[in-house]
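S.K.: This is the structure alone, sequence omitted:
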């Protein structure tokens with residue numbers, strides 16, 4: 001579910017936009033909480049009036065929740081997502097309105113919060129809200145098994161065989177976090193709808209798809225460690241087979257480990273050559289400096 005949030009003013013314009021029935025087949029005001037009025041237009045005008053007691057111009061926080069195009073998402077899923085986001089952003093118990101739009105049988109939602117804390121008469125300013133919404137969006141895709149847009153894939157993990165020498169040394173010093181490994185596998189699974197797509201996504205993270213024991217799918221990393229796909233993705237073996245087919249055409253674990261060892265040897269040799277070249281250049285510069293110093297005496 002794509003989440004987009006922003007701070008904004010213009011309560012009347014916001015209300016008219018949300019109530020626009022021309023661009024949507026159905027418009028439903030699902031909830032009004034914490035306002036004196038039950039009218040959306042009057043409620044947001046009320047919020048504007050309260051904001052006049054502060055310096056805040058963008059007194060509303062607007063959130064849109066757009067599910068995947070082919071998914072029919074129940075109202076309860078939207079409600080839970082909104083409640084979770086509310087807690088994360090610090091808007092718990094703030095006045096809010098939830099509006100549903102439907103077009104071509106597809107439902108999406110909007111939630112508007114008042115940013116004004118009436119007890120302290122100042123605006124609530126959520127920290128790093130864009131990053132928090134991105135993380136929560138990823139969690140929703142993973143939780144509901146929806147195909148994740150590649151742009152939401154966590155890019156922190158990448159193939160160590162493509163590292164520079166400095167990155168390699170850093171990777172060696174770092175300990176592997178099981179949560180990061182699981183997240184990497186789940187990301188790859190969420191953005192893939194075929195074996196080829198899944199294998200390519202894994203390789204971008206430094207994992208290589210192989211055929212394991214008992215006709216199962218596994219992945220091998222650059223260290224030669226073996227990871228069972230079903231376990232690390234968190235889905236049943238039959239669901240893995242349904243998406244990936246038969247593992248018979250894949251190389252065995254032993255073959256994959258051998259291929260990775262060869263790649264690793266080539267990579268390490270490249271680092272040795274780079275280090276030797278850097279050392280040679282340093283020696284040449286040192287000799288030149290000595291010659292310059294000698295010529296001055």
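M.R.: Received it, and whenever you're ready, just let me know what you need. These numbers come from a predicted model, not from an experiment.
S.K.: tell me the strands in the protein, going along the chain?
M.R.: Secondary structure of the chain, counting by DSSP state E: strands at 2-8, 26-33, 60-66, 96-103, 106-114, 116-117, 122-123, 207-211, 217-221, 226-228.
S.K.: Give me the helices and strands touching the fifth one, please.
M.R.: Right, strand 106-114. helix 11-18, helix 40-51, strand 60-66, helix 75-89, strand 96-103 (3 or more Cβ pairs under 8 Å, 6 or more residues apart in numbering; DSSP states H and E). Backbone N, C-alpha and C define where each C-beta goes, glycine included.
S.K.: quick check: mean pLDDT across the last one?
M.R.: What that stands for is strand 96-103. Confidence over strand 96-103 (mean pLDDT, whole number) is 93.
S.K.: How about the one residue sitting closest to the centre of the chain, nearest residue that isn't a chain neighbour?
M.R.: With distances taken as Cα atoms, centre = their mean, residue 152 lies nearest the centre of the chain, 3.7 Å away. The shortest distance from residue 152 to any non-neighbouring residue, by Cβ to Cβ, 6 or more residues apart in numbering, is to residue 138 (5.1 Å).
S.K.: domains of the protein?
M.R.: Here the domain parsing of the chain from automatic domain parsing is 2-146, 151-297.
S.K.: can you give me the end-to-end distance of the first one?
M.R.: Here the two ends of domain 2-146 are set 11 Å apart, with distance taken as Cα to Cα, to the nearest Å.
S.K.: what distance separates that domain from the centre of its chain?
M.R.: Remark: domain 2-146 is offset 21 Å from the chain centroid, using Cα atoms, centre = their mean, to the nearest Å.
S.K.: can you list the strands of the chain in TSV and add distance to residue 246?
M.R.: Listed next are those as TSV, based on distance: least, Cβ to Cβ, whole Å:
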stretch	distance to residue 246
strand 2-8	34
strand 26-33	45
strand 60-66	36
strand 96-103	41
strand 106-114	35
strand 116-117	59
strand 122-123	58
strand 207-211	9
strand 217-221	9
strand 226-228	16
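S.K.: mind putting those strands in CSV, mean neighbour count and distance to residue 266 included?
M.R.: CSV is the format used below for the strands of the chain (neighbours: other Cβ atoms under 10 Å; distance: least, Cβ to Cβ, whole Å):
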stretch, mean neighbour count, distance to residue 266
strand 2-8, 16, 41
strand 26-33, 14, 59
strand 60-66, 21, 45
strand 96-103, 19, 54
strand 106-114, 22, 50
strand 116-117, 19, 60
strand 122-123, 16, 57
strand 207-211, 23, 15
strand 217-221, 25, 17
strand 226-228, 17, 22
